[in-house]
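J.: Let me see the structure of the following:
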Amino acid sequence: MRGMRALVEEYRANLKAVIVLDGSGTDHVTTKALASRRLEVTVSGPGGHSWSDFGMVNPINAIVRTAVRFINTKVPATPRTTFNLGRLRAARR
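T.: A predicted model of the protein is given here:
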């Protein structure tokens, strides 16, 4: 998705229309697909090193506990619904 967005942004002035073919194989063309919503969440707080800060409130632990609650959420059968938790990372302040 990011690649096509970058191409469209780069050549927007020269484009009249764009058709994007994407999928998991080349045997067929998908004409309908799921919508996508992407969110970025930043959690900050104390904590840090697993040894010297053990027992201190830790943002990664809070994210993991939240993620477990999220993935245990019941989703409707229709419309078909799915989700993905893509990346967790810690940054030193």
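J.: What distance do you get for residue 65 to residue 73?
T.: 14 Å (C-beta to C-beta, to the nearest Å). Any C-beta I mention is one placed from the backbone N, CA and C, and that applies to glycine too.
J.: Ignore what I typed, I meant residue 32.
T.: Taken as C-beta to C-beta, the span from residue 32 to residue 73 is 25 Å.
J.: Same drill for the two, tell me which one is more crowded.
T.: residue 73 (8 against 4; other C-beta atoms under 10 Å).
J.: Mind pulling up the pLDDT for the more buried one?
T.: You'll see residue 73 listed with a pLDDT of 89.
J.: which SS class is it?
T.: Counting by DSSP: H, G, I helix; E, B strand; the rest coil, the backbone at residue 73 sits in coil.
J.: which residues in this structure form strands?
T.: With DSSP state E, there are no strands along the chain.
J.: what about it, any weak spots by pLDDT?
T.: Counting by pLDDT under 70, the chain has low-confidence residues at 1, 22-23, 34, 91-93.
J.: At which residues are the helices of it located?
T.: 2-11, 59-71 (DSSP state H).
J.: okay, those helices, which one's buried deepest?
T.: Comparing the helices of the chain by mean neighbour count (mean count of other C-beta atoms under 10 Å), helix 59-71 ranks first with a mean of 12.
J.: Would you mind pulling the contact partners of it?
T.: 41, 43, 44, 45, 47, 83, 85, 88, 90 (C-beta atoms under 8 Å, 6 or more residues apart in numbering).
J.: Could you measure from the fourth one over to residue 37?
T.: Going back to what we said before, that points to residue 45. For residue 45, the distance to residue 37 - C-beta to C-beta - is 26 Å.
J.: Pull the contacting residues for the spatially most distant residue from the centre of the chain.
T.: Centroid-distance maximum for the chain: residue 52 at 31.3 Å, with C-alpha atoms, centre = their mean. Applying C-beta under 8 Å, 6+ apart to residue 52 gives no contacts.
J.: That'll do, ta.
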